[in-house]
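# Give me the fold of what follows.
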Amino acid sequence: MIKRYIGVIFVYLFAQLSPLLVSKILISNGLDLTSHNNIVMNWQVLSFLVALFVSIILLHKTEEPFNDRNFASPVMTFVWIVIGFFMAIFGQALANIIYAAITGGLEQSQNTVEIMQIARAYPIFIIIVAIIGPILEEIIFRKIIFGEIFKRSNFWVAGVISGLIFAVVHNDFTHLHIYFIMAFVFAFIYVKSNRIIVPIMAHVLMNSFVVIAQLTLPEDFFETANFIQLILLGG
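Below you'll find the predicted structure:
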């Protein structure tokens, strides 16, 4: 099983890093900016699709790490997905209220801003942000990292370690607390349901909600209400 997990992590890193290599190759060949960006974006979507496909194959019939817990029924699986979605939303809002009380204000997430700029320019990128990215992240950070640490320790140790890794990987250090809380929420509903599909779908719903809101609501709405700080993307 460990070899399978290493394989999943490898293809995830490939999906994350290979666009940089493709970009360097295209730049060295003097390709114009528009063509360069289109090729890199299409490659990134393709690489994430390949990573997802390979991950599903590698993880086929692998066991969940919580052998002492029953699997949630179909009804409770749906319930935990909904609970996880709202826990993630309100957890992040509470974290920002505390952050604002301590620092005296909210700082807009540059990570989210950049993601949405790319999504507006290249709508195909939304597939990664809203669907493929959350699926791969939950497989990597919850099923593999959290799950393996959980089997050797407990929920809190596994939650802290996997949560810190999840936060740091997103490279948004002014909002580490947001990603950390997200990680704990998704780990919690994973343990409670014993089904990886639960945090996956909660994560997908959250990111999809943010993308739809960002693309449909006026930009000044986010500036005046600081909405963008209350709901962060995990992508």
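# Quick check: the gap between His177 and Asn96.
From His177 across to Asn96, the span is 8 Å (CB to CB, to the nearest Å). Bear in mind the C-beta positions are built from the backbone N, C-alpha and C, glycine included.
# More neighbours: which of those two?
Remark: of His177 and Asn96, Asn96 carries more neighbours, 21 against 15, as counted by other CB atoms under 10 Å.
# What distance do you get for that one to Met182?
Counting by CB to CB, the gap from Asn96 to Met182 is 12 Å.
# cool, and Val11?
For Val11 relative to Met182 (CB to CB), the value is 23 Å.
# Looking at these two, which has the bigger crowd around it?
With neighbours defined as other CB under 10 Å, Val11 and Met182 compare such that Met182 has more, 30 against 20.
# any idea of the pLDDT on the more buried one?
pLDDT for Met182: 91.
# Run through the neighbouring helices and strands of the lengthiest helix in the chain.
Longest helix in the chain, counting residues (DSSP state H): helix 74-103. Packing partners of helix 74-103 (3 or more CB pairs under 8 Å, 6 or more residues apart in numbering; DSSP states H and E): helix 176-193, helix 197-216, helix 227-230.
# Return the most buried member of those helices.
Mean neighbour count (mean count of other CB atoms under 10 Å) peaks for helix 176-193 among those, with a mean of 24.
# hmm, back to that, buried stuff in the longest helix of the chain?
For helix 74-103, a neighbour-count test (16 or more other CB atoms under 10 Å) marks 76-77, 79-81, 83-85, 87-89, 91-93, 95-96, 99 as buried.
# For that helix, the averaged confidence score.
For helix 74-103, the mean per-residue pLDDT is 86.
# care to break this structure down by domain?
1-63, 71-235 (automatic domain parsing).
# Select from these the stretch with the lowest mean pLDDT.
Looking at those, the bottom one is domain 71-235 with a mean of 83.
# just how off-centre is that one within its chain?
6 Å (CA atoms, centre = their mean, to the nearest Å).
# and what of stretch 60-80?
20 Å.
# what's the answer for stretch 17-37, then?
Using CA atoms, centre = their mean, the offset of stretch 17-37 from its chain centre is 26 Å.
# I'd guessed Phe180 sits against Ile165; true?
No - applying CB atoms under 8 Å as the test, Phe180 and Ile165 come out as separate, 10.0 Å apart.
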